[in-house]
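In: here is a sequence with its predicted model. Questions after.
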Amino acid sequence: MRIGCGLLLAAALYGAEDVPEWARQAAAQPAPGYPAKVYAVGLLQEESVTVDAEGRRVMRERGAIKVLQKSADSIRAYRSYNTKTGRIRDFRAWLLPPTGKPISFGKDQVADVALSQEYTYDEGRARLISPGPNLAPGSVFAYEVTEEEKSVFVQYRYAFQGNLPVLVSRFALTAPAGWEVHGTVFNHAPLDPSAAGSTYTWEMRDLPWIERERYSPALHAVAPWLGVTFAPGENKAGLTPLKDWAAVSAWQSGMADPAAEATDAVRAKAAELTRGLSTEAEKIRAIAVFAQQVNYVSVQMNLTHGGGYTPHAAADVLARNYGDCKDKATLMRALLKAVGTASYLTVIDGDDRTFVRPEWPSPEQFNHAIVAVRVSAETKLPTVIEHPRLGRLLMFDPTDPDTPVGDLPEGEQGSHALILAGAQGELVEMPLLAASTNRIDSAIEASMDDGGKLEAHVARQYFGQAAARAHARVAHQTNEELKRGYEKSLARNVGAIAVKQAGISGRIGDGQMQLSLDFAAQNFSQTMQGMIIVKPGALALGAEYAFTTAERKLPVKLDADVYHDAVRIKLPASYKIDEMPDAVHLESRYGVYQASWKADGGELVFEQSTEIRDGLVPAAQYAELRAFFEKIGGSQAAPVVLVKK
């Protein structure tokens, strides 16, 4: 169940029915004082799951949320379910206003919605109820929902809270007698469950508000959650105990490997793609590029029976030229097999490198599939890892159209991924490429008149994931949209500008893209008392981190970046440089920054080099981190004074 805010039309409300006692008791709890930003508090968040020996589950969830401040956001109760193997058996809700009679929500007020608009067919749906926005402070929204489902999965994930504070959060699991139950709590001190017979209960109280702060980790990395595994004793229903990563690999390999068969059609296509190519790397690249162009279409079926982990046959994906991530990866595996190269389907979280936690062996931690290709010593690329049993493995994501062989999407680098190699499979750490592989080199040639007008040409070279982002802009933006984007970003430092032309070119297969940009700024400099004030650093790339608050509660997530900027401005003929800043060199645990200013004939030259180090900075270091970036910003805004000759 998810409790949250969403843009949802308020449902029609009907007359009051009896409010259950548990809801009245929850509503009677006094709420502590919170900052004005906190518009609601969870008085109660509770879920109980009962599992039988055949894998059938009954999940009952209860919650009560008290409104503290009026908000345009809608509080809602939300439950996803599988239309083929499960159903929402009951869904009820009540609104207890601060004055007047309670209001109940009938069946007609339950909305049924698709989980995603991206899927062509999806068995997963959700039901939700919302009392609407702008509820009176003191109102309590309570709900109760019961879901039942038949599943092959023997694991469950429970989030104790979202970002709102919660007074009582409780999860209970009832398993058949003799089953093993093990839970791991994350983002919180160790917590043992209380046991009563075969029911295990984890409870937390007085969970604080988690304020969203810029550059902070995702909520899953800071809010407490529980991963539970329940292993059957006498396994008559064919449920698979997932006690370690090898067991998860063996289970998923059984579903993934049969689809990667190299049929006659697959072999013919592989021969066509690799004709005339001699090296291992050339053949892999040719097959990878073909897999990337297969259209991404997701068809989600048999999810609760492992369908979400079972790819379509490679021959079918080839014939239809579409599939989801595991289908595209499976087609690539089959094509590789046809030319004698072994590979493994590899599952990963494609969005956040910190999402997968090694302490909880579970397929539920993955949302994406890539390929691990076995390569010989002759293939030397940055994304090759050395595995003690499986050998040298080249990691590649065939779903990302902007990332070539030898690179990985930024969200996957440094993350944990499970190589599906039967019982030999293992959770491994993905390569984290050096920041220099993703650098941006810029050269700006400009001329300025004595009225402050500037004409500039920018030649920028993108590498690695910086090139991938540039390539994505070309693929998804028109030239006019590209120009408006650069006008907006440059205007933050330069003022109003007009972009005359902007174009990105290059071969993403080489991991490089180039930008050519011409623009004009009418008021680049300032004139006062016969002097002209120029800030050449405004034309360079910034460090992209701005910290405006004096204090912070959450860590800061820094992504590795490297920028090199060379700015050359031809000055008005009647002016000369009178004052320039001294060279700057900053070095800290967060990065390195260097800047210099010099006169070169009738030109002003500014050069800077910025390297930001990848890391998660504790809130206790915030003052030091903020000071480092403020010094960088100060250097980029440093003025050069021109006077008449």
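Out: Right, received. Where do you want to start?
In: domain boundaries for this structure, per the record?
Out: 2-231, 245-433, 436-644 (automatic domain parsing).
In: which of the ones you listed sits most buried?
Out: domain 245-433 (a mean of 20; mean count of other CB atoms under 10 Å). Every C-beta, even on glycine, is put in place using the N, C-alpha and C of the backbone.
In: so who does residue 444 touch?
Out: 456-459, 539-540, 565-568 (CB atoms under 8 Å, 6 or more residues apart in numbering).
In: just the residues you listed: which are in strands?
Out: Using DSSP state E, the members of the contacts of residue 444 that fall in strands are 456-459, 565-568.
In: and those residues, which two are furthest apart?
Out: Farthest pair in the ones in strands among the contacts of residue 444 (CB to CB) is 457 and 565. Separation: 13.9 Å.
In: follow-up on the earlier one: just the closest of the ones in strands among the contacts of residue 444 to residue 440, please.
Out: residue 565 (8.5 Å).
In: how about low-confidence regions in the stretch 201-350 of the chain?
Out: Scanning the stretch 201-350 of the chain for pLDDT under 70 picks out the ranges 234-237, 299-308.
In: hang on, the earlier thing: ok, the ones in strands among the contacts of residue 444 vs residue 319, which is closest?
Out: Of those, the one sitting nearest to residue 319 (CB to CB) turns out to be residue 459, at 44.7 Å.
In: which residues does the closest one bridge with?
Out: Here residue 459 sits in beta bridges with residue 443, residue 516, going by DSSP bridges.
In: list the contacts of it.
Out: Residue 459 touches 442-445, 514-516, counting by CB under 8 Å, 6+ apart.
In: hmm, residue 579 is touching residue 641, no?
Out: Yes. Counting by CB atoms under 8 Å, residue 641 is a contact partner of residue 579 at 4.0 Å.
In: show me where the stretch 51-200 of the chain has strands.
Out: Remark: strands assigned in the stretch 51-200 of the chain by DSSP state E, counting those that start in this stretch are 56-67, 74-82, 86-96, 103-105, 111-114, 119-122, 124-132, 140-150, 155-159, 166-174, 180-186, 194-196, 199-207.
In: looking only at pLDDT, what's the mean for stretch 619-639?
Out: Throughout stretch 619-639, pLDDT has a mean value of 96.
In: center of this protein - which residue?
Out: residue 351 (3.3 Å; CA atoms, centre = their mean).
In: for that one, list the residues it contacts.
Out: Neighbouring residues of residue 351 by CB under 8 Å, 6+ apart: 367-368, 411.
In: redo that, cut-off 6 Å
Out: By CB atoms under 6 Å, 6 or more residues apart in numbering, residue 351 lies in contact with residue 411.
In: from residue 392, how far out is it?
Out: 27 Å (CB to CB, to the nearest Å).
In: ok, which stretches of the protein are helices?
Out: 21-27, 245-256, 264-274, 280-293, 314-320, 325-338, 464-476, 479-494, 622-636 (DSSP state H).
In: by contact count, what packs against the fourth one?
Out: Packed against helix 280-293 by the contact rule (3 or more CB pairs under 6 Å, 6 or more residues apart in numbering; DSSP states H and E) you find helix 264-274, helix 325-338.
In: in JSON lines: those helices, plus distance to residue 407.
Out: Shown next, in JSON lines, are the helices and strands packed on helix 280-293 (distance: least, CB to CB, whole Å):
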{"stretch": "helix 264-274", "distance to residue 407": "20"}
{"stretch": "helix 325-338", "distance to residue 407": "16"}
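In: of all the ones you listed, which one comes closest to residue 209?
Out: Here helix 325-338 is closest among the helices and strands packed on helix 280-293 (CB to CB), at 35.7 Å.
In: which strands or helices does the closest one pack on?
Out: Helix 325-338 packs on helix 264-274, helix 280-293, helix 314-320, strand 343-348, strand 368-374, going by 3+ CB pairs under 6 Å, 6+ apart.
In: what's in contact with it?
Out: Counting by CB under 6 Å, 6+ apart, 259-260, 262, 266-267, 270, 287, 291, 294, 311-312, 314, 317-318, 343, 345, 368-369, 371, 398-399 sit against helix 325-338.
In: need the contacts of residue 459 in JSON lines (columns: distance to residue 249 and pLDDT).
Out: As requested, the contacts of residue 459 are exported to JSON lines (distance: CB to CB, whole Å; pLDDT from 0 to 100):
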{"residue": "442", "distance to residue 249": "45", "pLDDT": "97"}
{"residue": "443", "distance to residue 249": "49", "pLDDT": "97"}
{"residue": "444", "distance to residue 249": "51", "pLDDT": "97"}
{"residue": "445", "distance to residue 249": "55", "pLDDT": "98"}
{"residue": "514", "distance to residue 249": "42", "pLDDT": "96"}
{"residue": "515", "distance to residue 249": "43", "pLDDT": "96"}
{"residue": "516", "distance to residue 249": "48", "pLDDT": "96"}
